[in-house]
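In: This is the structure alone, sequence omitted:
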DNA sequence: CTAGAAACATTCAAGCTCTAAATATCCGAG
DNA sequence: CTCGGATATTTAGAGCTTGAATGTTTCTAG
């Protein structure tokens, strides 16, 4: 026979639901601020992660998405004149992404908006540290 | 003037990244188990939430998505003979979703798979309770 | 040096999700 | 009863994401 009906299971499912719920709130937060600047959530995420010159693959990794998706998003940003695809200095296979002056300015505004009214404001700094520890442990395990 | 340069901010951004990371692990977990049964993640989520007869709207709420999306997903499940759209007993506007025998059987298998190797297995029951409390507090705040 | 393996970026097809609009039905005020 | 606002579902259109296939370029074993 199997182990007795596990009370564990349903608690874990509920917990997964909470994690997803909070992730959705965070996504919504980004979506709202991005929309205020005429960007989609994906475009805003890309802009946020553009901390300096980088390749397409590097950006994709920072965005936690596939390179093909990065191509799609950067196409949009490039059409808006926010980024440029330059030839990479040392690797002719790769492109080097650079923010334009406009892109840099918009990124600053975006970062300012994103810092306001964080979805995590309901937790004290101490609680945030606790949460961070738990999440790190949960993630670095499988 | 604004508050001095907040050290808070970057910590919160990192924390958001962790929440999203764990949510992605959970999604990947569902995706894998669903694929083993020939289902997409969305179809598996719908099947999982079909705890009994319900309307399209009710399913959409359980899935945290728009009703139009539920229509799309249920279309697929119906084509696979897993669910049926029946006329609602008392409200002729609504459809009542019912699992077929096949659907019920597959749902059982799915629940079994989903309960195995939870992405949260890295946390002790005590830690899971702590996490649950923090997430609830964070969510029920805006 | 050179052939084969691996890495970078892109394109394309397919799937998921959302919004807005259309249709059908319900319900309550008069 | 009837009209008008609210609700349930579907459709159409668009954006986001992925995975496979492709063309270049780089790296590495021999």
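Out: Now that the structure is in, tell me what you want to look at. Just so we're clear, the structure is a prediction, and the values are computed from it rather than from any experiment.

In: what comes up buried for stretch A:46-57?
Out: A:46, A:47, A:48, A:49, A:50, A:54, A:55, A:56 (16 or more other C-beta atoms under 10 Å in any protein chain shown). No exception for glycine: its C-beta is placed from N, CA and C like everyone else's.

In: just checking, the first one touches residue A:74?
Out: Yes - here residue A:46 reaches residue A:74: they are 6.7 Å apart, a contact under C-beta atoms under 8 Å.

In: Residues that sit against both of these two, list them.
Out: Common contacts of residue A:46 and residue A:74, defined by C-beta atoms under 8 Å, 6 or more residues apart in numbering or on different chains, comprise residue A:59.

In: So the nearest residue to residue A:70 once chain neighbours are set aside, which state does it fall into?
Out: Closest residue to residue A:70 apart from its sequence neighbours, by C-beta to C-beta, 6 or more residues apart in numbering or on different chains: residue A:60 at 4.0 Å. Three-state call for residue A:60 (DSSP: H, G, I helix; E, B strand; the rest coil): helix.

In: any idea how far residue B:51 is from residue A:60?
Out: Residue A:60 sits 38 Å away from residue B:51, going by C-beta to C-beta, to the nearest Å.

In: do residue A:133 as well
Out: Computed with C-beta to C-beta, the distance linking residue A:133 and residue B:51 is 34 Å.

In: swap in residue A:34?
Out: Applying C-beta to C-beta, one obtains 36 Å for the distance of residue A:34 from residue B:51.

In: Give the burial count for the residue lying closest to residue A:118 once chain neighbours are set aside, as a bare number.
Out: With C-beta to C-beta, 6+ apart as the criterion, residue A:118 has its nearest non-adjacent residue at 4.8 Å, and that residue is residue B:12. The local packing of residue B:12 (other C-beta atoms under 10 Å in any protein chain shown) involves 21 other residues.

In: This completes my enquiry, with thanks.
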